[in-house]
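>>> What would the 3D arrangement of this be:
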Amino acid sequence: MSLTMPVVIGALLGLGVYALVRALMPSKRGAVATVARIDAMRARGAAYESAGRGTQRQDTGRLVSLRARVGARVAELYLQQGWEQRSLRADLAVLDRSWERFLATKILLAAAGLFFGPFLFAIVWTMGFGSGPVIPIWLALACAVLFFFLPDLEVRRDAADKRRDLRRVVGAYLDLVAMNLAGGRGLPEALMAAAEVSDGWALRRIRNTLADARITGTSQWQALGRLGEELGVEELKDLSASLALVADDGAKVRESLASRSETMRHRELAEIEGSAGEKSQSMLVAQLLLCAGFLVFLIFPAAIRVFQVG
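Presented below is the predicted three-dimensional model:
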């Protein structure tokens, strides 16, 4: 038994190192992987690629270059294995972050966790709370897994907040489009004019999407639908579907936009009321805990005296 555990641990570590090296080594791409990579680059657009090339020219440090290489290798591995991670990609698209940089951050944090686990064990061992050679290995693995998933939690939290802001902007944007339609403009002009009111990030994304649609020759509501699919915003996809049905009738378009904007406002009010109710309930629980602690503080001396007398 004493020899079995070190052998098993060594085998697991060797298998992990082999898998890591194998994942980072370049491999021959198949036809399916090549076509999928071309489609992914085409979907991201020429603007994103040019921005990425500009960023790569500025990144000249060793750490940044290492991060770029690791991100490219891991992204290639995800592509070959067919791990799409659509929801996570949509969150990154909302935050306007690179998929490769995100994967590199996860891998580097996991590697840092492998060193942080034994370091934490060394601190605990110096305090006299643990011993044994197996504990540092399990701590290293646990910290690596924890650090690997920390960026996911951060991205999902930030994307949820930003997507909530986007929904609010879309509701106001629909009102502006309806006002422009009532003023006599056509649907394409109304969509672009409403997007030019502000320079916020949400309207800027909508404005760039409409401009790209005009250049490529596709309909603007189809471009809005693709933007909603990319960002994971159902309101934009529903808007695209409704505009595709009533695009030729200005009165129906105004009615559809007005009703959809009103629905979004009611939904936002319901979410605000629900959030306020949750916060009030949490405050009530905190007050009850404070009252319970105060009662324990008052009763504890008397209870100690009663038990000592008994």
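
>>> got any ranges where the stretch 201-310 of the chain has weak pLDDT?
Residues of the stretch 201-310 of the chain meeting the criterion pLDDT under 70: 246-252, 309-310.

>>> Which parts of it are helices?
Remark: helices assigned in the stretch 201-310 of the chain by DSSP state H, counting those that start in this stretch are 201-216, 220-231, 234-246, 250-309.

>>> Could you give the separation of the longest one from the chain centroid?
Yep, that's helix 250-309 we're talking about. Computed by C-alpha atoms, centre = their mean, to the nearest Å, the chain-centroid distance of helix 250-309 equals 26 Å.

>>> Remind me what that helix packs against, helices and strands.
Other elements packing on helix 250-309 under the criterion 3 or more C-beta pairs under 8 Å, 6 or more residues apart in numbering; DSSP states H and E are helix 134-182, helix 234-246. The way it works is simple: take the backbone N, C-alpha and C, and place the C-beta from them, glycine included.

>>> switch the cut-off to 10 Å
The contact analysis (3 or more C-beta pairs under 10 Å, 6 or more residues apart in numbering; DSSP states H and E) places helix 250-309 against helix 134-182, helix 187-195, helix 234-246.

>>> Highest mean neighbour count out of those helices?
Among the helices and strands packed on helix 250-309, ranked by average contacts under mean count of other C-beta atoms under 10 Å, first place goes to helix 187-195 (a mean of 20).

>>> Could I get the contacting residues of the closest residue to residue 112 other than its chain neighbours?
Of all residues not flanking residue 112 in the chain, residue 147 sits nearest, at 6.1 Å (C-beta to C-beta, 6 or more residues apart in numbering). Going by C-beta atoms under 10 Å, 6 or more residues apart in numbering, residue 147 touches 105, 106, 107, 108, 109, 110, 111, 112, 113, 114, 116, 117.

>>> Return the distance of residue 147 relative to residue 73.
19 Å (C-beta to C-beta, to the nearest Å).

>>> which stretches of the stretch 51-200 of the chain aren't confidently modelled?
Ranges of the stretch 51-200 of the chain meeting pLDDT under 70: 51-61, 63, 121, 123-125, 127-134.

>>> repeat that for 90
Flagging of the stretch 51-200 of the chain using pLDDT under 90 yields the residue ranges 51-101, 103-148, 159-200.

>>> could you redo the helices and strands packed on helix 250-309 as JSON lines and give each row distance to residue 91?
Formatted as JSON lines, those follow (distance: least, C-beta to C-beta, whole Å):
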{"stretch": "helix 134-182", "distance to residue 91": "4"}
{"stretch": "helix 187-195", "distance to residue 91": "23"}
{"stretch": "helix 234-246", "distance to residue 91": "14"}
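
>>> Indicate which one of those helices is closest to residue 69.
Of all these, helix 134-182 sits nearest to residue 69, with 18.2 Å by C-beta to C-beta.

>>> I'd like the distance from the closest one to the chain centre, please.
Put simply, helix 134-182 sits 4 Å off its chain's centre (C-alpha atoms, centre = their mean).
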